[in-house]
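K.L.:
Model the following, please.
(2 chains)
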Amino acid sequence: MANIGKGKFYMANTATHKVCPICGELKERSEYWKWKSRQDGLAAYCKPCFTERNAKWNKDNPEKAKAASIATSRKIKFGISREDYEQMLVDQNNQCAICKKEIGWEAAVDHCHTTNVVRGLLCRKCNLGLGGFKDNIETIRKAIKYVKNM
Amino acid sequence: MLKTCKICGVEKNISEFYTGRGKCKDCINAAARKIRVDKPERYARYRKRANEYLKERRYGITQEDFNNMLVEQNNMCKICNSEFKNTKDTHIDHCHNTNKVRGLLCNGCNLALGQFGDNTDIMSMAIKYLQIS
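P.N.:
The predicted model follows:
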């Protein structure tokens, strides 16, 4: 406890222990999540306080939380950051690339299933439709004939 | 209002019974669940009858019509020509304006037609989109 100074409250106090500023308890290093970019390599608050704080923020800002979670999943699945996504929306005039319906934050990211290259942003329905026909041009041609014949 | 169940003998509120039945909902459902596990053959017979009823009610075709259609299409999807492995793979496709049955499709083709709304213009746009990229 000797190293606690004003303004340094969030830093690790000793080599093995640190005080959580929310609950005010002295806890071991293993009770904090790792955080590489911080000076002491630990998150500011202990694990239970951290999750509680996050849950409260998510509850208070439902729209921001939803957008953030979708952005993260896009980053993991397709390697597209939030700026990339917004740029793609501007390039397509906020329209689905196939049916020209208006799209926004909820658009689906269409990708080729053999090469994994991102092709563009589609509305949910067009993306599902392409998936149903397995991205096969011949199949779609047959489908057009099938619908017209009836 | 209270009523005693014939099987478990417990006095229950009337909302716990199907109308006009002496057994409570829990006992009836438990018996049905038991048949499903203990006598799979009988359960399959129930399901078959229910499926035939639904085909007739939803699309106006009998089981015979369905079998004839299967033979006509060589047990294949009418659009992508993929083979049906069992009866669960077949989907009866119908026109949403005239309610007329058009044919038997696989899951993917039936779903995709629905998503594109049977709209040939959008589908030709989709072909262009795939060709460009």
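K.L.:
interface residues of chain A facing chain B?
P.N.:
A:97-99, A:112, A:117, A:119-120, A:125-126, A:128-137, A:139-144, A:146-148, A:150 (CB under 8 Å from any CB of the partner chain). Heads up, the C-betas are built off the backbone N, CA and C, glycines and all.
K.L.:
among the residues you listed, which are in strands?
P.N.:
Applying DSSP state E to the residues of chain A next to chain B, the entries found in strands are A:119, A:120.
K.L.:
what about the closest residue to chain A within chain B, which helix or strand?
P.N.:
At 2.7 Å from chain A, residue B:112 is the closest residue in chain B, using CB to the nearest CB. Using DSSP states H and E, residue B:112 falls within helix B:107-115.
K.L.:
And the next helix or strand past the worst-scoring helix or strand of chain A on mean pLDDT?
P.N.:
In chain A, no helix or strand scores lower on mean pLDDT, DSSP states H and E than strand A:17-19, which sits at a mean of 86. Note on strand A:17-19: by DSSP H and E, the next helix or strand toward the C-terminus is strand A:26-28.
K.L.:
And that next one, how far out from the chain middle?
P.N.:
Relative to its chain's centre, strand A:26-28 lies at 31 Å (CA atoms, centre = their mean, to the nearest Å).
K.L.:
And for stretch B:10-19?
P.N.:
Using CA atoms, centre = their mean, the offset of stretch B:10-19 from its chain centre is 31 Å.
K.L.:
Past the helix holding residue B:112, which element shows up next along the chain?
P.N.:
helix B:120-132.
K.L.:
Give me the helices and strands touching that following helix, please.
P.N.:
Counting by 3 or more CB pairs under 8 Å, 6 or more residues apart in numbering or on different chains; DSSP states H and E, the packing neighbours recorded for helix B:120-132 are helix A:124-132, helix A:137-149.
K.L.:
Please work out which of those is packed deepest.
P.N.:
Per-stretch averages of neighbours, counted by mean count of other CB atoms under 10 Å in any protein chain shown, single out helix A:124-132 among the helices and strands packed on helix B:120-132, with a mean of 21.
K.L.:
sorry, back to before: need the helices and strands packed on helix B:120-132 in TSV with mean pLDDT, can you?
P.N.:
Shown next, in TSV, are these (pLDDT from 0 to 100):
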stretch	mean pLDDT
helix A:124-132	91
helix A:137-149	88
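K.L.:
Next, format those helices as CSV and append distance to residue B:129.
P.N.:
Converted to CSV, the helices and strands packed on helix B:120-132 look like this (distance: least, CB to CB, whole Å):
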stretch, distance to residue B:129
helix A:124-132, 8
helix A:137-149, 10
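K.L.:
Figure out which of these is closest to residue A:66.
P.N.:
Nearest of the helices and strands packed on helix B:120-132 to residue A:66, taken as CB to CB: helix A:124-132 at 15.7 Å.
K.L.:
how far does that closest one sit from the chain's center?
P.N.:
The answer for helix A:124-132 is 22 Å, by CA atoms, centre = their mean.
K.L.:
got the contact list for that helix?
P.N.:
A:96-99, A:106-108, A:110, A:122, B:107-113, B:115-117, B:122-123, B:126, B:130 (CB atoms under 8 Å, 6 or more residues apart in numbering or on different chains).
K.L.:
Stretch B:68-76 too?
P.N.:
Residues contacting stretch B:68-76 (CB under 8 Å, 6+ apart): B:61, B:82, B:83, B:84, B:90, B:103, B:104.
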